[in-house]
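Novice: whatever this is, show me its structure:
(2 chains)
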Amino acid sequence: MTARIGVVTFPGSLDDRDTQRAIRLAGGEPVALWHKDKDLHQVDAVVLPGGFSYGDYLRAGAISRFSPVMETVIEQAKAGLPVLGICNGFQILTEAHLLPGGMLGNDHLHFICRDQKLRVENAATSWTSDYSEGQEIFIPLKNMDGRYVADEYTLDKLEAEGRVAFRYVARDGVADERGNPNGSLRDIAGITNEAGNVVGLMPHPEHAVEPLIGSGRTDGLPFFTSILKKLVNA
Amino acid sequence: MSRTPLDTVEHAAATPDVELPWAELGLKKDEYERVVEILGRRPTGAELAMYSVMWSEHCSYKSSKVHLRQFGEKAPQSDALLVGIGENAGVVDVGQGYAVTFKVESHNHPSYVEPYQGAATGVGGIVRDIIAMGARPVAVVDPLRFGAADHPDTKRVLPGVVAGIGGYGNCLGLPNIGGEVVFDACYQGNPLVNAGAIGVMRHEDIHLAKASGAGNKVILYGARTGGDGIGGASILASETFDDAKPSKRPAVQVGDPFQEKLLIECTLEAFKEKLVVGIQDLGAAGLSCATSELASNGSGGMRVTLDDVPLRDSTLSPEEILMSESQERMCAVVEPAKVERFLEICDKWDVIATVIGEVTDGDRLEIFWHGGKIVDVDPRTVAHDGPVYERPYARPSWQDELQADDANKLARPGSSAELKDQVLKLVASPNQASKKWITSQYDHFVQGNTVLAQPEDSGMIRIDEESGLGVAIATDGNGRYAKLDPYAGAQLALSEAYRNVATTGAKPLAVSDCLNFGSPEDPAVMWQFAEAIRGLADACQQLGTPVTGGNVSLYNQTGEVAIHPTPVVAVLGVIDDVARRTPVAFQEEGQLLYLLGDTREEFGGSAWSQVVHDHLGGLPPKVDLERERLLAEILISASRDGMIDSAHDLSDGGLIQAVVESALLGGKGARLVVPDGLDAFTFLFSESAGRAVVAVPRSEEVRFNDMCGARGLPVTRIGVVDGESVELQGEFELSLAELREAHEGTIPALLA
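Specialist: Next up is the predicted model:
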C-alpha cells in the first residue's frame, strides 16, 4: 500500500505540479487539493507548495492563510496531520501560526535562485526521518522573501527544543554569513512544530529529486520517503 | 478626447471638416489622407485611434515588410514547420506528437523609460503570444543589451530590467533558461530588452487567431482595462527618443504577473475542454489589434459593444479603451453553447470574463458606444492594409573606412607576462565576465524540467518525462560583427545560436529573430537592416532552419546616433533523450581536450580588440555555413553516442574564454599546448567561427578521432583536463581561484 499526499493549489501556486511529481517519484500517490475546497479528500498528509499565492502583493502567505482549505489544514495539523510547507508554503504556515516567526524580504533585496547547502539539524520529524542528524545536503533555493525572523525568546526556544530543522551552511559546512543566502536569523532555513508533524523550510526539496533535472541531485527525495515510510508503517 | 456630441460614424460623415489630432497620434499626413480615402469620409475619433496604433511601425511593420518577405520567399523546405510566419508565434513539430511554439520580441523603448515595468511587461507579452497558440509556456529567455557597464545610467537601467524580468517571470512560474547580457556604449540611451518564450502542446491543440462562425461570441477576459500604455506601440515604440519632448513614461504599461498566471491556467483549461474557436492576446494596440486581427483573419465580420468592457477607470473615453495597452488581457471567440462553461472556468480562477461582442456574417468591424456606432471599418484595412514603405537605403559612406581599419594589425602581446595579463583582463571584462549576479535573480528550477540553464550554451527543457524528449534554445547576436558587416553579422548570429544548440547535443530545427536597429528614416540604417535580413534569410535557407516568426524593433536611436545593427537570433533544437545532453563544465580529470574546426587570424570585432584596444574595425570572422552544419552533426553524434563529456562553443573571447568557463564551472583546470601551425595569441583569442572545444574520455579517443576524420572535420588535440589551474605550456599558469575572482567579481562590483 501507499499513502495519499495532498498538494494544495492556491491561485499563484507554482511548484504544485513539481511537488506532485516528487511524491510520485518517492512512491506516493499525489492528490491535488484546491484552495476553495475545505475537503482534504482523506489524504494522509499535506504539502503547501511554493509560489506567489494571490501574487503575494501583501505579506507573503497572508491571504492564503484565510483560504477555505487552510481552515481544515490548520485544524487537522493541530490534531497531528503531517504538513510540509515549502517556500511560500512555509510562509503560509507562519501566517497561520502553525509555526512561529515569519519571513521578511531578503537582506540584499533581490530574488535569489541557487543550489543551497543545508545541514539537517533535526532528523526526527515526520518529514526528515530519512536523513541523519548533521547530514549536509544541497537543495535549490529560490525566493524573494526568505529571511526568517523571530524574537530572541522564540529563537532560543526553538534552539533549546531542537526545533530548528535545517540551517544554511557554507560549502565548508560552517553555518555563517557566507552560507546564509538572505540574512535569516541564526542561519535558519527550516523549522518544525513541537510535535514534529508540521515542518516548513524555504529551500525546495521537490527540485532535487532527479539526477538530470534542476540541481542534478536527489538530496530532496528523503523528505518524501520519510513521510511515506512513516505513513505506511503507521 | 471625450467630446459632445458622441463622434459616431454618422456624425463624422456629417462633419467632414472637424480637425482630428492625427499627428499627435503618430500618423503622417499622407497616412491620414489614406484613412480618409479608405473610409470615404473622415474617421471618427475611435477609428482614428485604431488606425493610428495599427499603422504604427511597431504593429504594421511598414518599413520592414518589403524586406521581411525574404524569410518566406527563401524559406527552406522543412517538415518540422507546422505554423509559419504571421501568427502569434511559429509552431514546430518536435516529434512524438509534440509541437513547440517559440518567439522572441523586443520591449526596448519601455524598458529604458521605466526599466522594471518595461521589462516585466515584455515577459508578459511574449508569454501571452505563446498561450494564444494553445501551448503551455515552459521557459523564457532574455537577451539583454545595455550601455557601458560603468556608466551611471546602466546602474539605473540594468538592475531595474533584471528585477522586472525576475519579478514577472518568477511569479509566473516559468524557468528562465538562457539569453545574453552584453554591454556596449552604443546602447547607452537605447538598451535592448528582448524576451523569448517557448511553449509546448500536442499537435491537435494548435490554436489560431481568427474569428469565424457567425453568432460566435467574443469574450474579453483577464484584467480590467485601464488608462495605462495608451499609445505604447505608436508614440513610444515607433519614434526616436528626444530630450526635448515630454516624458513618455505614461505610455509604459504596468504588469500584474499574478493575473497573468491565472490567465495561463484558465486559458489552458478552456483549451483542454475544446471551448475556443479562435484566440488573440491583447498586447501592443490592445483591443484595436485584437478585434481587427481576429475579424480580418476569420470568415466574417465582428460587432463589439465597448460599453461592456470592464474598466478600471470609468472616465475612459472609447478612443482610450481601444488604444489602452493594459496588460494581462485576452480575447477568445467561443461558440454560444460553450460560453457558459467558458465563463465558469474563468470564474473558477477568479478571472473576469465578459462577452463584448459577436462574430457577424458581414465583413465589417462595427463597434458601438452608448448606443452609437463609433467604428465601421473593413478590419483588413486596419490590420493588414497599412502603409508599406520602400524606404531608401544606401551603404553608409563610413563603411569602407571602418572595414579598412584592420583589427589584425593591432599590437599583440609581446611577452608571456603580457599574454597572461590580457587573458585575465579578458575574462574579467564586463562582456566576458560571469553573469551569475544577474541570472541568480531568475528562477531556473520551477516546473521541474530544466536540464540546462545559463551559463550553458543553450537552455534545455525536458518535455516528456517518459521518453526524455527535450527541446533546447539559444539566442545570440553580435552587434559589433554586424556593424562591420551586417550581412555577415546576421549570419554569424545564426551560426552561433545554431552551434550553441548543437553543442548541448540538440538538433537545430527552426529560427525566431528579434531585429534591433536604428531609425528606418536613415538610409544607412535601412541598408544595415536590408543587409542583415538578406544575410539571415540566405543562411536560414542554407542551414535548413526556417524563420518561424519574430519581431522588428526600429527607432533604437537617440538623436542622430543609432545603436549597432543588432539582429538577435534564437534557434530551437530538439533532443531525443535529455539524458544525453552535453554540459559546458569539465567533468573528469584526465579527459582529453580537442579543438574542432579551423583557427585563423580573425580579430575584427573581437572581444580581445574591444577589451585590450577599445577598437572596432576590420571584418568579422568568415562565415562558413557548411562547416557549421558539419560541426553540429559531429557534436550531436558525439553526444548521442557518449563520446564527449563536455563541450563548449567558441565565440566572443575565443578559445581561452571557453576553456576558462568550462574549468570554473567544473571546478577542474586544464593544461593546454599551442598546436602546430598556430601562435599562442591566435590560439587563445581568435574568434574564427565554426569551432568548439570538447572533452573526450580516454576510452573514446580513437572512436571520436575516427569519426571526425571520416567526416572531414579538422580536429586538434590541445590538452587535458587537469589540476587546479589553467596552464598554457611554456607561457603562463593561472589558478582557478585567481580566474574565479576575476571572472565572477566584475559584475557584482559594478552593479550590486
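Novice: low-confidence regions, the chain specifically.
Specialist: In the absence of a named chain, chain A is used. A:1 (pLDDT under 70).
Novice: hm, I was asking about chain B
Specialist: B:1-4, B:86-88, B:231-252.
Novice: tell me which parts of it are close to chain A?
Specialist: B:163, B:166-167, B:170-173, B:256-259, B:261-262, B:349-350, B:439-451, B:462, B:465, B:578-579, B:581, B:752 (C-beta under 8 Å from any C-beta of the partner chain). All C-beta atoms are positioned from the backbone trio N, CA, C, and that covers glycine.
Novice: among those residues, which ones are buried?
Specialist: Buried members of these, scored by 16 or more other C-beta atoms under 10 Å in any protein chain shown, are B:163, B:166-167, B:170-173, B:256-259, B:261-262, B:349, B:439-451, B:462, B:578, B:581.
Novice: and B:S458, backbone torsions?
Specialist: phi -140, psi 150 (degrees, to the nearest 10).
Novice: nearest residue to it other than its sequence neighbours?
Specialist: Leaving aside its sequence neighbours, B:S458 sits nearest to B:A474 (C-beta to C-beta, 6 or more residues apart in numbering or on different chains; 3.8 Å).
Novice: same question for A:S184.
Specialist: Nearest to A:S184 is A:Y148, by C-beta to C-beta, 6+ apart, at 4.0 Å.
Novice: those helices in chain A, which residues are they?
Specialist: Listed in chain order, the helices of chain A (DSSP state H) span A:16-25, A:68-78, A:88-95, A:152-160, A:221-233.
Novice: B:H203: which of the ones you listed is closest?
Specialist: helix A:16-25 (22.2 Å; C-beta to C-beta).
Novice: can you pull the buried residues of that closest one?
Specialist: Applying 16+ other C-beta under 10 Å to helix A:16-25 flags A:D16, A:R17, A:D18, A:T19, A:Q20, A:R21, A:A22, A:I23, A:R24, A:L25 as buried.
Novice: other SSEs contacting that helix?
Specialist: strand A:4-9, strand A:29-34, helix A:221-233 (3 or more C-beta pairs under 8 Å, 6 or more residues apart in numbering or on different chains; DSSP states H and E).
Novice: CA atoms of the longest one as CSV?
Specialist: Output of helix A:221-233 as CSV, limited to C-alpha atoms (Å, rounded to 0.1, in the frame of the first residue of the first chain):
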residue,chain,number,x,y,z
LEU,A,221,13.9,12.9,-2.1
PRO,A,222,14.2,11.9,1.6
PHE,A,223,11.6,14.5,2.5
PHE,A,224,9.1,12.4,0.6
THR,A,225,10.4,9.0,1.5
SER,A,226,10.4,10.0,5.2
ILE,A,227,6.7,10.8,5.3
LEU,A,228,5.8,7.7,3.2
LYS,A,229,7.6,5.3,5.5
LYS,A,230,6.0,6.9,8.5
LEU,A,231,2.5,6.7,7.0
VAL,A,232,2.8,3.2,5.6
ASN,A,233,4.4,1.8,8.8
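Novice: how about a markdown table for the helices and strands packed on helix A:16-25, with mean neighbour count and distance to B:G90 added?
Specialist: Shown next, in a markdown table, are the helices and strands packed on helix A:16-25 (neighbours: other C-beta atoms under 10 Å in any protein chain shown; distance: least, C-beta to C-beta, whole Å):
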| stretch | mean neighbour count | distance to B:G90 |
| --- | --- | --- |
| strand A:4-9 | 24 | 31 |
| strand A:29-34 | 18 | 33 |
| helix A:221-233 | 20 | 38 |
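Novice: in JSON lines, list the ones you listed along with distance to B:Q587.
Specialist: Shown next, in JSON lines, are these (distance: least, C-beta to C-beta, whole Å):
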{"stretch": "strand A:4-9", "distance to B:Q587": "35"}
{"stretch": "strand A:29-34", "distance to B:Q587": "34"}
{"stretch": "helix A:221-233", "distance to B:Q587": "23"}
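Novice: go through these and name the closest to B:R391.
Specialist: Within the helices and strands packed on helix A:16-25, the stretch nearest B:R391 is strand A:4-9; the backing value is 51.4 Å (C-beta to C-beta).
Novice: what's that closest one packed up against?
Specialist: helix A:16-25, strand A:29-34, strand A:45-48, helix A:221-233.
Novice: now those in JSON lines, with distance to B:L713?
Specialist: Listed next are the helices and strands packed on strand A:4-9 as JSON lines, based on distance: least, C-beta to C-beta, whole Å:
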{"stretch": "helix A:16-25", "distance to B:L713": "40"}
{"stretch": "strand A:29-34", "distance to B:L713": "48"}
{"stretch": "strand A:45-48", "distance to B:L713": "50"}
{"stretch": "helix A:221-233", "distance to B:L713": "42"}
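Novice: closest one to B:T267 among these?
Specialist: With distances scored as C-beta to C-beta, the stretch of these nearest to B:T267 is helix A:16-25 (16.6 Å).
Novice: can you lay out the helices of chain A as CSV showing distance to B:A290?
Specialist: Shown next, in CSV, are the helices of chain A (distance: least, C-beta to C-beta, whole Å):
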stretch, distance to B:A290
helix A:16-25, 30
helix A:68-78, 35
helix A:88-95, 33
helix A:152-160, 53
helix A:221-233, 44
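Novice: how about these, which one is nearest B:A407?
Specialist: helix A:16-25 (48.3 Å).
Novice: and the closest one with helix A:88-95, angle?
Specialist: 100 degrees (axes from the mean of the first three to the mean of the last three C-alpha atoms, to 10 degrees).
Novice: ok, residues contacting helix A:16-25?
Specialist: Outside helix A:16-25, the residues that touch it by C-beta atoms under 8 Å, 6 or more residues apart in numbering or on different chains are A:5, A:7-9, A:29-30, A:32, A:47, A:49, A:51, A:86, A:204-207, A:209-210, A:220-221, A:223-224, B:446-448, B:465.
Novice: picking up where we left off before, among the buried ones among the residues of chain B next to chain A, which are in strands?
Specialist: B:T450, B:V451, B:R462 (DSSP state E).
Novice: would you list these in JSON lines and tack on distance to B:V94?
Specialist: Shown next, in JSON lines, are those (distance: C-beta to C-beta, whole Å):
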{"residue": "B:T450", "distance to B:V94": "17"}
{"residue": "B:V451", "distance to B:V94": "15"}
{"residue": "B:R462", "distance to B:V94": "12"}
